[in-house]
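In: Structure for this input, please:
(2 chains)
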Amino acid sequence: MCGIAGVLNYTEDPEKLISAMIAAIQYRGPDEAGIFVDPSIALGHCRLSIVGLDDGSQPISNEDGTLWVVYNGEVFNYPELKADLQKKGHLFATHTDTEVLVHLYEEYGKEFLSLLNGQFAFAIWDTVRKELFLARDRVGIRPLFYYQSAQKLIFASEIKAIFTDPSVPREIDPQALQQIFTYWTTLTPRTTFKNIFELPPGHFQIVKNGKIIEQSPFWSIPCYSDENCFSGTLDEAVEETRTLLNDAIRIRLRADVPVGAYLSGGLDSSIITSLISRNFNNKLRTFSIGFQEADFDETPYQRSLVDYLGTDHTELLISNQDIKDNLPRVIWHSEKPLLRTAPVPMFLLAKLVRDNNFKVVLTGEGADEVFGGYDIFKEAKIRHFWNKFPESTSRPRLLEKLHPYIFKDPARSRMILQKFYGVSNADLNDPCFSHKIRWDNTRKNMMFFSDDVMSELSGYSPEGELQKRFPAHFSSRDALAKAQFLEMDIFMSNYLLSSQGDRVAMGNSVELRVPFLDYRVLDFAMKLPSKWKIRGLNEKYILKKAFADIMPEQIINRQKQPYRAPIRELFFSGKSDYTEELLSRNYLKKTGYFNTVKTCNLIDKYNKTDRVIASETQNMAIIGVLTTQILHHQFVENFSRQPSNPISLTKRIFK
Amino acid sequence: METISKIRAYIIDNFLFGEAGDLKNEDSLLDEGIVDSTGILELVAFLEEQFEIRIEDEEMIPENLDSIDHISEFVKRKSC
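Out: Numbering: from 1, shown residues only, chains lettered A, B, ... in the order given. Below is the predicted model of the structure:
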């Protein structure tokens, strides 16, 4: 795992610029650094050594030095691909998966992307054709951003590396703020910053003569029609799920350094750790976090699994103060405003891994999306069910089981909540039925935007950008398939795998590997009928059926527990700290994103201990405002182009 | 301040943070997205404390709580 950067048609001193770019993201690859410079392009790389420890310095070329690659990621099936290439006569100089890429490109051109099973973002510079080829893995596990101006194209694993070029403007995009204050994240290719784009997941891009001549998908989230779905029995599907997931794990344990695993106490990470312990490594190292707030703590479940499997386990207890103290660092890494603080514990968990001298962990991310685990899927199912018999009083009560956090006192708020979750026929025809309540709720917080931001947004609606993303025949798919698509397409790559995944892990030089997002597993799961994913209201039914016999019963039968931070206790403890300045009237006025009167009233409400606070929407507003202010402070106002640690280059190639 | 004014002031302060916009007393607070599903508990806590009433479970229905007018009538009924 690594960091990459490049400048095509540079206008400054190329070595100085590319070194600064790499230095800005050195935590992604603290082990080595290298650059390649020719008259057209500068490429840079910082390396976290995992495969081919002694001969993997990048940039790496093909036999005759006509193709050069900088690469962040892993291709887990590289031994098989390499054997195939060797049969075709390709000569290899290293033991890395990196080198496989240039030979595949030589052999197959851009078509080779479909052969890769992995998580990657890379750039190949074709010195003969003078073409830059950029690509990103199917679901967007690894990041890749770019900026274009006149003939110059700059790309990097993180936006802050692009900002080290003084000619790149650093400006938060109001349209991006609107997207985040609706969908909880931006819609690719847009990012938080104006004119900075991300290469969408599953896409490649070709740049020639300073122009993007092609940007196309090589894969998209599968959306199968009924006739193309899995036609076997449930037992056959269970068996296939076991086989595929086991193989996804097997190839993800390939590394020249030890591999550990996260353990949350939930079903998904329990399946991963159980399969590794039973089938591959009976001395597995596992890592977990517990919370000071008992409501969110899952330590008892974690310990029961550790006892059951006998893993060598390390746990870390996280306090509210830890979350508050680390939020600014997490924003520095995630490079976008957040509406929840959940990435902070994941940042601290990655630090725990690194402090224990591990740099690779397997995690359970993606199972909820792929196998139907989220409450939002069940909520949509209940509302559909209710709509078939709207007079029913028992059907809407199913919602109470789903949201115990909201329905703490179900008898009390029942009627109001039923009005809130009620379904009209127009709702049912909305392709975004499953997510509409969430988005409408979140969007209310746009009321805190300043007049300036609102006038810039006048006439803008993100709906068009959203609808362009729907695959053909999207509206004819069943409710769960549609909800899964929305969750994966919008939220997974850009938040779960990014703000809460790659960015906070790499911030501690730790690589995450996600077996549930092996494309073979994902593709198979999308072919399964919805009733095998959510049976009644039993989520991830097929996963439970497939793996119930290898883990403690209490893990299989437990209620899913989403993490939510206690916002008021976190940020308004009465002690003074960074939040006071960033949320002050003066600083709100200075940044200009938020209406100072309303925002100060909101903050006052949280500060006054006698005010009752229950609104989840307002919790999101507070975090959204605070993290936008942090982002402005770090990236717009005080951005430093001077890296705190200058890079020391282990490889320099000049042509 | 009369009941309806107090309720209106609270809604504007607590859910609209000072800017009434074109909020009318007959507007549905839920349909207009002024009060969210969890925010309703804040409203009930306010009414109970401000008007010294106890709102029973079966009274927590949209007919009583979904607009400033409805809340005001409901509170008046409870108070007499």
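In: From now on I want contacts and neighbour counts done on CA atoms only, so please keep to that.
Out: Will do.
In: List the buried residues for the one helix or strand A:A426 maps to?
Out: Element membership for A:A426, per DSSP states H and E: helix A:425-429. In terms of neighbour count (16 or more other Cα atoms under 10 Å in any protein chain shown), helix A:425-429 has its buried residues at A:L428.
In: Same check on stretch A:180-192?
Out: For stretch A:180-192, burial by neighbour count (16+ other Cα under 10 Å) applies to A:180-188, A:190-192.
In: In strands only, show me those residues.
Out: Counted as lying in strands by DSSP state E, out of the buried residues of stretch A:180-192, is not a single one.
In: Counting only helices, which of those make the cut?
Out: Secondary structure from DSSP state H places A:180-183 of these in helices.
In: Stretch A:430-441 near chain B at all?
Out: Yes - residues of stretch A:430-441 contacting chain B under Cα under 8 Å from any Cα of the partner chain: A:N441.
In: chain center to that stretch: distance?
Out: With Cα atoms, centre = their mean, to the nearest Å as the basis, stretch A:430-441 stands 21 Å off its chain's centre.
In: who are the neighbours in contact with the residue lying closest to A:D518 once chain neighbours are set aside?
Out: Leaving aside its chain neighbours, A:D518 sits nearest to A:A248 (6.0 Å; criterion: Cα to Cα, 6 or more residues apart in numbering or on different chains). Shown in contact with A:A248 (Cα atoms under 8 Å, 6 or more residues apart in numbering or on different chains): A:515-516, A:518, A:521.
In: And A:E198, by the same measure?
Out: When contacts are counted by Cα under 8 Å, 6+ apart, A:E198 touches A:143-146, A:188-191.
In: re the thing from before, mind checking what helix or strand follows the helix holding A:A426 in sequence?
Out: Toward the C-terminus, helix A:425-429 is succeeded by helix A:433-443 as the next helix or strand (DSSP H and E).
In: residues in contact with that following helix?
Out: Applying Cα under 8 Å, 6+ apart, the external contacts of helix A:433-443 come out as A:178, A:181-184, A:376-377, A:379-380, A:421, A:427, A:479, A:483, A:486, A:617, A:620, B:33, B:36.
In: I'd like the buried residues of stretch A:180-192 laid out as a markdown table, including pLDDT.
Out: Formatted as a markdown table, the buried residues of stretch A:180-192 follow (pLDDT from 0 to 100):
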| residue | pLDDT |
| --- | --- |
| A:I180 | 98 |
| A:F181 | 98 |
| A:T182 | 97 |
| A:Y183 | 96 |
| A:W184 | 96 |
| A:T185 | 97 |
| A:T186 | 97 |
| A:L187 | 97 |
| A:T188 | 96 |
| A:R190 | 97 |
| A:T191 | 98 |
| A:T192 | 98 |
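In: For chain B, which residues are neighbours of chain A?
Out: Residues of chain B that fall close to chain A, judged by Cα under 8 Å from any Cα: B:13-14, B:16-19, B:30, B:33-34, B:36-42, B:45, B:56-58, B:60-62.
In: Now tell me what touches stretch A:647-655 from outside.
Out: Here stretch A:647-655 makes contact (Cα under 8 Å, 6+ apart) with A:19-20, A:22-23, A:26, A:32-39, A:57-59.
In: Let me know the pLDDT of residue 55.
Out: Chain wasn't specified; assuming chain A. pLDDT for A:D55: 85.
In: other chain: chain B
Out: For B:I55, the pLDDT comes out at 89.
In: from memory it sits against B:E48, does it?
Out: Yes - assessed by Cα atoms under 8 Å, B:I55 is found in contact with B:E48 at 6.8 Å.
In: and stretch A:452-467, average pLDDT?
Out: Stretch A:452-467 comes out with an average pLDDT of 95.
In: That stretch and chain B in contact?
Out: No - figure legend: stretch A:452-467 not in contact with chain B (Cα under 8 Å from any Cα); closest approach 14.6 Å.
In: how far does that stretch sit from the chain's center?
Out: 24 Å.
In: try stretch A:489-496
Out: So, by Cα atoms, centre = their mean, the centroid of stretch A:489-496 is 5 Å from its chain's centroid.
In: Could the C-alpha coordinates of that stretch be exported in CSV?
Out: Coordinates of each C-alpha in stretch A:489-496 appear next as CSV, following Å, rounded to 0.1, in the frame of the first residue of the first chain:
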residue,chain,number,x,y,z
ASP,A,489,-22.7,3.6,-5.3
ILE,A,490,-23.0,6.7,-3.2
PHE,A,491,-22.0,5.9,0.3
MET,A,492,-19.7,2.9,0.2
SER,A,493,-16.7,4.2,-1.8
ASN,A,494,-16.9,7.7,-0.7
TYR,A,495,-17.5,7.3,3.0
LEU,A,496,-17.2,3.8,4.3
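In: which residues are contacting it?
Out: A:139-141, A:183-188, A:201, A:221, A:365-366, A:369, A:498, A:501.
In: mind checking the backbone torsions on the residue of chain A most remote from its centre?
Out: Ranked by distance from the centre of chain A (Cα atoms, centre = their mean), the top residue is A:E391, with 40.8 Å. Recorded main-chain torsions at A:E391 are phi -80, psi -10, according to degrees, to the nearest 10.
In: Apart from its neighbours in sequence, what residue is nearest B:V44?
Out: B:V44 sits nearest to B:I55 (Cα to Cα, 6+ apart), 7.5 Å away.
In: just to revisit the earlier point, looking only at neighbour counts, state which of B:I55 and B:E48 leads.
Out: A side-by-side neighbour count of B:I55 and B:E48, using other Cα atoms under 10 Å in any protein chain shown, places B:I55 first with 16 against 13.
In: and the residue lying closest to A:V510 once chain neighbours are set aside, what is it in contact with?
Out: Closest residue to A:V510 apart from its sequence neighbours, by Cα to Cα, 6+ apart: A:K359 at 4.5 Å. Listed by Cα under 8 Å, 6+ apart, the contact partners of A:K359 are A:257-259, A:353, A:509-511.
In: Can you flag the buried ones in these?
Out: Buried among those by 16+ other Cα under 10 Å: A:259, A:353, A:509-511.
In: what two of these are the furthest from one another?
Out: Within the buried ones among the contacts of A:K359, A:V259 and A:S509 form the most distant pair, 13.7 Å apart (Cα to Cα).
In: contacting residues for residue 62?
Out: Using chain A here. Taking Cα under 8 Å, 6+ apart, we find A:N62 in contact with A:68, A:99, A:102-103.
In: Chain B is the one I meant
Out: Counting by Cα under 8 Å, 6+ apart, B:P62 has contacts A:415-416, A:419.
In: Closest to A:L113 out of the residues you listed?
Out: Among those, A:K419 lies closest to A:L113 (Cα to Cα), at 48.9 Å.
In: The closest one belongs to a helix, doesn't it?
Out: Yes - the assignment for A:K419, made by DSSP: H, G, I helix; E, B strand; the rest coil, places it in a helix.
In: which residue packs closest to it, ignoring adjacent ones?
Out: B:P62 is the one closest to A:K419 (Cα to Cα, 6+ apart), at 7.3 Å.
In: So what does A:G202 have for phi and psi?
Out: Note on A:G202: its backbone torsions stand at phi 70, psi 20 [degrees, to the nearest 10].
In: Counting neighbours, what do you get for the closest residue to it other than its chain neighbours?
Out: Nearest residue to A:G202, sequence neighbours excluded (Cα to Cα, 6+ apart): A:R138, at 3.7 Å. A:R138 has 28 neighbours, counted by other Cα under 10 Å.
In: Which of the helices or strands spans A:R138?
Out: In this structure, A:R138 sits in neither a helix nor a strand according to DSSP H and E.
In: Now do the same contact list for it.
Out: Counting by Cα under 8 Å, 6+ apart, A:R138 makes contact with A:119, A:201-203, A:218-220, A:519.
In: now A:N72
Out: The contact partners of A:N72, by Cα under 8 Å, 6+ apart, come to A:1-4, A:120-122, A:142, A:157.
In: want to try TSV for these, with pLDDT, neighbour count and secondary structure as columns?
Out: Below are the contacts of A:N72 laid out as TSV (pLDDT from 0 to 100; neighbours: other Cα atoms under 10 Å in any protein chain shown; DSSP: H, G, I helix; E, B strand; the rest coil):
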residue	pLDDT	neighbour count	secondary structure
A:M1	66	26	coil
A:C2	93	31	strand
A:G3	97	34	strand
A:I4	98	36	strand
A:F120	98	25	strand
A:A121	98	32	strand
A:F122	98	25	strand
A:R142	98	28	coil
A:S157	98	28	coil
